Every structure is written in C-alpha cells, then in structure tokens.
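Peer 1: Based on what follows, work out the 3D shape:
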Amino acid sequence: MTISHTASPLLEVDHLHTHIPTPAGVVRAVDDVSLSLHPGEAMGIVGESGSGKSVLARSIMGLLPRNVVRSGAISFDGRDLLSDDRALHEELWGRRIALVFQDPSRSLNPVVRVERQLTEGMRKHLGISQAEARGRALQLLQEVGVPDPERRLTNFPGQMSGGMRQRVMIAVALSCEPDLLIADEPTTALDVTIQRQILDLLERLRQARRMSLLLISHDLGVVAGRTDRVAVMYAGRLVETGRTKAVFATPQHRYTEALLGATPSLTLPRHTRLQVIKGGLPNVYDPPAGCRFADRCVHVSGDCRSPDPFWIGLPGSDHMHGCRHPASGDVVSATAGGVGSLGR
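Peer 2: Here you go, the predicted model:
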C-alpha cells in the first residue's frame, strides 16, 4: 500500500526522554527519540532486547509507573499525550489507540470470560447495547480467525491455546476500531507457523481498516515485508531510519549492518556462519558520549566518541542514520539537533 505523506502525521514523538529512577541510579531507557507516523502507515521499531523499544511503546501509551519521568513531546492527531488530562486519556486509549502485548496470558484476565473482555470496551467507548456489542464480538472473532466464536465467547482465556489467546487479544484491541495499533512483540511467545498467521492477520486488518501500525520486534524478519518504514533502536536511541526496503538493502549504521549479518537467511549457502555482535549494551545508568555502539563496533575510531549530535541523511531520500563511518563509506549532509529525527 502506498502511503501519501501530504496529510499531517497521526502520531508525532519529538525529542522524547523516558528516565526510570532505580535504587542503582536513573535508567535512560529512551533518550532523545523523535519519529512520526502517518495515517494508514506501518512502521517497524527493531533492536535487540534492552534497546528501549517496549519502553518507547509504553511511553506513548502512558503505561508507566508514576515515578518515571517523561519529557519532550508526544502528540496524537494534534492532542498532547504527555498531558495529565484524564478525560483525554479515557477518550483516546482503546477508542483511537490500542496496544497488543507480546504475552496474551498477561493481558487477558484469566478469571473473566472472553465475551465480557470483548464487549466492555465497546459498551463504554461506543455507547452500544450488550446485544449489539455481543454481535460485534462474534464478528471480530470471525475476522481474526477464531473458529466456533459462539463457544469461544463463553471460554476463559486458559481454555484456549496461545495462538487463540493472541487472536482474542487482537480482537479486543480492534473492538473500538482504533486509528493506531501498537503491537509490542505480538508473536514472541508463539511458534513459527502461528507467528506468520498472526502477522498476516495484522497486515490484512491494517489494509482493510486503513489503520496505522507501530510494529515492535527484535526480529528483523518480522518487519521486513510488513512495514513501510523502519526505525532501528540501540541503547535508548534511534540509530537509523528510512524506508524498510532501503534500510535492509543498504544499511548505513554499523549496528544495523551487524543486526542483518546476525540474521539467518534462506538465501545463504548451507552452514554459513552467522556474524556475532560481541559485547553487550552500554551502562544504562551512565551511557557513553557519542555513538553508543562504539564499544562493540569493529569500525570504531576516535571521532565516534564525540559528544556532538550526529545525524545524516542520504540525498534524495528519507534514509537517515547516526554513524560517522557508515557501511557505504559516504558521509553527507551532517546535521545537529538531536539524534533520532524521523519523518520530519
């Protein structure tokens, strides 16, 4: 699906910082991230565990403990999501923005039947009767591929398989026809066959409903063919952004290059040895200045540790990255003003 960017972005995140106080210090989980998402567009957020992807999702949704400090700006359709306006949050959450977690067993209430969990949100946000909500619930279960929906409405979550619970969770998220669906590792707990079914389902529903999708995953293969744009995160920051096909075909940041090198591919010869990214994520309490991937990068040099902001774009595209020694070998149009601007 071709997305027109003539319309204003639906979601805008501008220089977002999410800092989490702990007894050992403050974790800078999201550190100066900016991105935008247009109506009907799918964007992937990728990176290894601990890179800040899920905290970014929860920062957008406001699903964080009270002691967590968020700064910067997050707007949805022009509305300020960092506002403390409770009425605004009740208006948007579930009705216009929905979230699918990676583990449906923690998202669905184990002692509440499926019918109630599907119909409660519709009755509250859409103001419809129980009978109408039940009819819509049956239709949703059919839409997400749940067999025998009449019987499933009477089930408790524990009476269904993991794949079925995830389909129910998607149905709950879609029940009020949101404009934006945030899917946080929606297939991690599922086997490979069910993973593909769920991802294909999300894509079909997005296309049919003209819904925006923010798909978060540590698996590059998950977002490769199902997103329009991708943003690569590392240690709380974006390191590369652009059209998904362009970023995967010609990665610029050395971290993106390393991630792709560590990803299995059916096109590689048998017994091909995958690359290993040595080392681990930097200190979350006191991250290094400059490129946070520097200590693990085989192409590192002294200027990689410069604290000056570094974010460059490839001519004629929205492909941008923050690497001083990119895989292409070309460094062009350096810009200051914070790492991680996307879709401006």
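Peer 1: low-confidence ranges in the stretch 201-344 of the chain?
Peer 2: Along the stretch 201-344 of the chain, the model assigns pLDDT under 70 to residues 266, 268, 329-344.
Peer 1: Which residues are in contact with residue 39?
Peer 2: By Cβ atoms under 8 Å, 6 or more residues apart in numbering, the contact set of residue 39 is 3, 7, 10, 179, 210, 212. Using the backbone N, CA and C atoms, a C-beta is placed for each residue, glycine as well.
Peer 1: To what extent is the last one buried, counted in neighbours?
Peer 2: Other residues lying near residue 212 total 24 when counted by other Cβ atoms under 10 Å.
Peer 1: Once you drop chain neighbours, what's closest to it?
Peer 2: residue 180 (4.6 Å; Cβ to Cβ, 6 or more residues apart in numbering).
Peer 1: The one you found: what's it in contact with?
Peer 2: 10, 11, 37, 76, 96, 97, 98, 211, 212, 213, 214.
Peer 1: Does residue 54 touch residue 185 like I think?
Peer 2: Yes - Residue 54 lies in contact with residue 185 (Cβ atoms under 8 Å); the separation is 7.3 Å.
Peer 1: Could you pull up the mean pLDDT of stretch 7-14?
Peer 2: Averaging pLDDT along stretch 7-14 gives 92.
Peer 1: what comes up buried for it?
Peer 2: Within stretch 7-14, the residues scored as buried using 16 or more other Cβ atoms under 10 Å are 9, 10, 11, 12, 13, 14.
Peer 1: Can you tell me which of those residues is nearest residue 232?
Peer 2: Comparing these against residue 232 with Cβ to Cβ picks out residue 13 as the nearest, at 15.3 Å.
Peer 1: Centre of the chain to the host helix or strand of that closest one, how far?
Peer 2: Counting by DSSP states H and E, the element that carries residue 13 is strand 11-22. Computed by Cα atoms, centre = their mean, to the nearest Å, the chain-centroid distance of strand 11-22 equals 14 Å.
Peer 1: list the buried ones in stretch 60-69?
Peer 2: By neighbour count with 16+ other Cβ under 10 Å, stretch 60-69 contains the buried residues 60, 61, 62, 68.
Peer 1: and if you look at stretch 307-324?
Peer 2: Quick answer for stretch 307-324 (16+ other Cβ under 10 Å): 310, 311, 312, 313, 314, 319, 320, 321, 322, 323, 324.
Peer 1: can I get the residues you listed in TSV with secondary structure and distance to residue 260?
Peer 2: As requested, the buried residues of stretch 307-324 are exported to TSV (DSSP: H, G, I helix; E, B strand; the rest coil; distance: Cβ to Cβ, whole Å):
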residue	secondary structure	distance to residue 260
310	coil	21
311	strand	21
312	strand	19
313	strand	20
314	coil	17
319	coil	15
320	strand	17
321	strand	13
322	coil	17
323	coil	14
324	coil	19
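Peer 1: Now for those: which two are most distant?
Peer 2: 319 and 324, at 16.3 Å, using Cβ to Cβ across these.
Peer 1: Sticking with the most centrally placed residue in the chain, tell me its helix or strand.
Peer 2: Nearest to the mean C-alpha position of the chain, counting by Cα atoms, centre = their mean, stands residue 216 at 2.9 Å. Residue 216 is part of strand 212-217 when elements are defined by DSSP H and E.
Peer 1: Could you list every helix and strand that the helix or strand that comes right after that strand packs against?
Peer 2: Counting by DSSP H and E, the next helix or strand C-terminal to strand 212-217 is helix 220-224. Other helices and strands packing on helix 220-224, by 3 or more Cβ pairs under 8 Å, 6 or more residues apart in numbering; DSSP states H and E, are strand 42-46, strand 212-217, helix 244-249.
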